[in-house]
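1. give me a model of this one.
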Amino acid sequence: MSRPRLDGTRFALAGPGRVGASLARWLAAHGAQPVAFAGRPGSQTAARLALELGGRAVTTSELTSADADLLLLALPDGVLGAAAADLACRAQAAVALHTAGALSFEILAPLAAAGVATGGWHPLRAFPEASRDPADARGVFFALDGAPPALAAGRRLAEALGGESAPVPASARPLYHFAATLAAGGVTTLLACAADLASRLGLPDAVRAGYAELARGALAAAAAAADPADAITGPAARGDAATIERHLEALERAAPDLLPLALEVARATLAQRARREPPDAERRALSAGLERAELLDRPKVRVLTSLRKP
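-> Numbers count the residues shown, from 1 in each chain. As a prediction, this is how the structure comes out:
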């Protein structure tokens, strides 16, 4: 079944950074027409996007989007409220959507007071750099909230891009966004820790590349599973206390700063596996040992209490 196109939809963008530029390119590739790109004074990003996609380049403090159907705000969380108040002083589009994952549509209250239907349209995707390929939008989840016209606009945009969408209410947004940081930044942080440890040990680059390949395979298995917890592997998932203790003893000697992380990951592993199946005797014993484990500060050394201490 063919997806609807966005022909005839006119949009303005405030915030032409990695997220904003990606969304603008995706929308334009599916028929939407850019009318304005607004950035900081002196910034060249808005001008480059206007040259690439059409429309005019302005500063955010100059932007009026009354000639557009949609105002898209891809601005940092910390400036979004002030920007909404400033934009509300001028005529804007009938619908305004922000892309902040942790904030509800209420951050755009000044625009709502000016008669704009406001909402949130958060793409659940990492943007380490701006996307140039509209195919990158396929399968992306967009978190919606807001007034009915904003919800309808967000659903239509997501469908046209080949994505998925559903409401994520204000009460859930902070933890929805925290979970997003675990799924993207958290996973990447763990991989960076693995690569850092390999470097400290003087291991070759091929080992770090191997960790990345291992992570790709594990994530693919987790994505294909009925629940990601079903795909968790490793000594903690098996309840292998002896191997975990060898890991911790080696960390104490070579990388004591990673001991708290190792303990918390092992505890979280057991908790997630326990959601899916009752723990066996080995996992129950390991869980009890991890609950007893403490990191004790001593001069120039950190001592880990035994996991198998009664």
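2. average pLDDT for stretch 5-22, rounded please.
-> In this model, stretch 5-22 has an average pLDDT of 97.
3. buried sites along that stretch?
-> For stretch 5-22, a neighbour-count test (16 or more other CB atoms under 10 Å) marks 6, 9-16, 18-22 as buried. For every residue, glycine as well, the C-beta is placed using N, CA and C.
4. what's the span of that stretch from first residue to last?
-> 17 Å (CA to CA, to the nearest Å).
5. quick one, domains of the chain?
-> Taking automatic domain parsing as the reference, the chain has its domains at 10-168, 175-304.
6. mind checking the longest helix of this protein?
-> In the chain, with assignment by DSSP state H, the single longest helix is helix 205-224.
7. what is that helix packed up against?
-> helix 187-200 (3 or more CB pairs under 8 Å, 6 or more residues apart in numbering; DSSP states H and E).
8. contacts for the helix it packs on next, please.
-> With contact meaning CB atoms under 8 Å, 6 or more residues apart in numbering, helix 187-200 is reached by 207-208, 211-212, 215, 219, 254-255, 258, 261, 265.
9. quick one: distance of stretch 247-262 to the chain centre.
-> 28 Å (CA atoms, centre = their mean, to the nearest Å).
10. buried ones in that stretch?
-> So for stretch 247-262, counting by 16+ other CB under 10 Å, buried means 247-248, 251-252, 255-256, 258-259, 262.
11. just stretch 89-96 next, same as before
-> 92-96.
12. need the residue closest to the centroid of the protein.
-> Ala180 (4.1 Å; CA atoms, centre = their mean).
13. just the CA trace of the helix or strand where Leu49 lies, in CSV.
-> Assigned by DSSP states H and E, Leu49 belongs to helix 45-53. Output in CSV follows, covering the C-alpha atoms of helix 45-53 (Å, rounded to 0.1, in the frame of the first residue of the first chain):
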residue,chain,number,x,y,z
THR,A,45,23.0,26.5,8.7
ALA,A,46,19.6,28.1,7.9
ALA,A,47,21.0,29.7,4.7
ARG,A,48,22.5,26.4,3.5
LEU,A,49,19.2,24.6,4.1
ALA,A,50,17.3,27.3,2.3
LEU,A,51,19.7,27.1,-0.7
GLU,A,52,19.4,23.3,-0.7
LEU,A,53,15.6,22.9,-0.3
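14. packing partners for it?
-> So helix 45-53, by 3+ CB pairs under 8 Å, 6+ apart, packs with helix 18-29, strand 33-39, strand 56-59.
15. now name the helix or strand holding Gly78.
-> Short version, using DSSP H and E: Gly78 is in helix 77-87.
16. list the contacts of that helix.
-> So helix 77-87 is contacted by 14, 60-61, 63, 71, 73, 75, 96, 98, 100, 102-103, 107-111 (CB under 8 Å, 6+ apart).
17. please indicate which of those are buried?
-> Buried among the contacts of helix 77-87 by 16+ other CB under 10 Å: 14, 60, 63, 71, 73, 75, 96, 98, 100, 102-103, 107-108, 110-111.
18. between which two of those is the distance greatest?
-> Leu63 and Ala102 (23.7 Å; CB to CB).
19. can you point out the buried residues in stretch 281-291?
-> Applying 16+ other CB under 10 Å to stretch 281-291 flags 283, 286-287, 289-290 as buried.
20. which neighbouring elements make contact with the helix or strand hosting Leu251?
-> Assigned by DSSP H and E, Leu251 falls within helix 241-254. The helices and strands touching helix 241-254, judged by 3+ CB pairs under 8 Å, 6+ apart, are helix 235-238, helix 259-276, helix 281-292, strand 301-304.
21. one more time with 10 Å, if that's ok
-> In terms of contacts (3 or more CB pairs under 10 Å, 6 or more residues apart in numbering; DSSP states H and E), helix 241-254 is packed against helix 187-200, helix 235-238, helix 259-276, helix 281-292, strand 301-304.
22. what mean pLDDT does the longest one have?
-> In this case it means helix 259-276. 95.
23. from the chain's centroid, how far away is it?
-> Worked out by CA atoms, centre = their mean, helix 259-276 lies 22 Å from the chain centre.
24. just use 48 as the starting number from now, easier for me
-> Right, with 48 as the first residue, what we last looked at is helix 306-323.
25. can I get it in PDB, CA atoms only?
-> Below are the C-alpha coordinates for helix 306-323, written out as PDB (Å, rounded to 0.1, in the frame of the first residue of the first chain):
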ATOM      1  CA  LEU A 306      33.600  -1.600  39.300                       C
ATOM      2  CA  PRO A 307      30.300   0.300  40.100                       C
ATOM      3  CA  LEU A 308      29.200  -0.100  36.400                       C
ATOM      4  CA  ALA A 309      30.000  -3.800  36.400                       C
ATOM      5  CA  LEU A 310      27.900  -4.400  39.600                       C
ATOM      6  CA  GLU A 311      24.900  -2.400  38.400                       C
ATOM      7  CA  VAL A 312      24.900  -4.000  34.900                       C
ATOM      8  CA  ALA A 313      25.000  -7.500  36.600                       C
ATOM      9  CA  ARG A 314      22.100  -6.500  38.900                       C
ATOM     10  CA  ALA A 315      20.100  -5.100  36.100                       C
ATOM     11  CA  THR A 316      20.700  -8.200  34.000                       C
ATOM     12  CA  LEU A 317      19.400 -10.500  36.700                       C
ATOM     13  CA  ALA A 318      16.300  -8.200  37.200                       C
ATOM     14  CA  GLN A 319      15.500  -8.200  33.500                       C
ATOM     15  CA  ARG A 320      15.800 -11.900  33.200                       C
ATOM     16  CA  ALA A 321      13.700 -12.400  36.300                       C
ATOM     17  CA  ARG A 322      10.900 -10.500  34.500                       C
ATOM     18  CA  ARG A 323      10.700 -13.200  31.900                       C
END
